[in-house]
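Visitor: with the input below, show me the fold.
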Amino acid sequence: MNQFNSRQAEYELMTKKTIPTPVFNDSIKDEAIQDISKALDEYKNMRDAEIKEIQPPIRIQIAEQIDIPIETDDPISQKKQVQWGENVEHVFDKTQTIYESALMKRIQQLEDKVDIMMKTLTQILDNTNK
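Guide: The predicted structure follows:
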C-alpha cells in the first residue's frame, strides 16, 4: 500500500497545475501627452534613424543609354496561318467566325468531291465512246 501511495503522490505532483500569481510592480507612469506635435517629431526622428541604419542609400549609375526599337507593324494586316491534316492552309481573317471557317472548309471538300466525280464521269464517257 505504501508503494501505491508513493506512486499516487508522484502522479499528482506531475499533473498538478500551478497557477502563477501576477506581480504588478511596474513603475511606469502613464501620463497624458501634453504636446502631440513634439511627440510626433520624436517618433519620426526615431523612425528615420532606424531606416537609415537598416537601408543604406542605393545609387544606380547607368553607363550608357539603352535604346529599344519599337516595331510599328500593322497588327490588322497580319493574319494567322494554320495548318492541319493534309498540310492544308487556311488564313483566318479577324472578322471571320469559327462557324464561317468550318463552312468554308466543308464547301471546299464538296468542291473537291465534285471535281473527282466530274473527272470520273468524263473518263466513263470517253471509254464508252471508244
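Visitor: touching stretch 29-38 from outside, list them.
Guide: Here stretch 29-38 makes contact (C-beta atoms under 8 Å, 6 or more residues apart in numbering) with Ala39. All C-beta spots, glycine's among them, are computed from the backbone N, C-alpha and C.
Visitor: which SS class is Asn45?
Guide: Three-state call for Asn45 (DSSP: H, G, I helix; E, B strand; the rest coil): helix.
Visitor: what about Val23, distance to Lys16?
Guide: Separation of Val23 from Lys16 (C-beta to C-beta, to the nearest Å): 21 Å.
Visitor: where exactly do the helices run in this protein?
Guide: 2-15, 36-54, 98-129 (DSSP state H).
Visitor: of those, which is nearest Ser27?
Guide: Closest to Ser27 of the helices of the chain is helix 36-54 (C-beta to C-beta; 21.2 Å).
Visitor: ok so, going back, format the helices of the chain as JSON lines; extra columns: mean pLDDT, distance to Ile62 and mean neighbour count.
Guide: Putting the helices of the chain into JSON lines (pLDDT from 0 to 100; distance: least, C-beta to C-beta, whole Å; neighbours: other C-beta atoms under 10 Å) gives the following:
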{"stretch": "helix 2-15", "mean pLDDT": "90", "distance to Ile62": "70", "mean neighbour count": "9"}
{"stretch": "helix 36-54", "mean pLDDT": "89", "distance to Ile62": "25", "mean neighbour count": "10"}
{"stretch": "helix 98-129", "mean pLDDT": "89", "distance to Ile62": "49", "mean neighbour count": "10"}
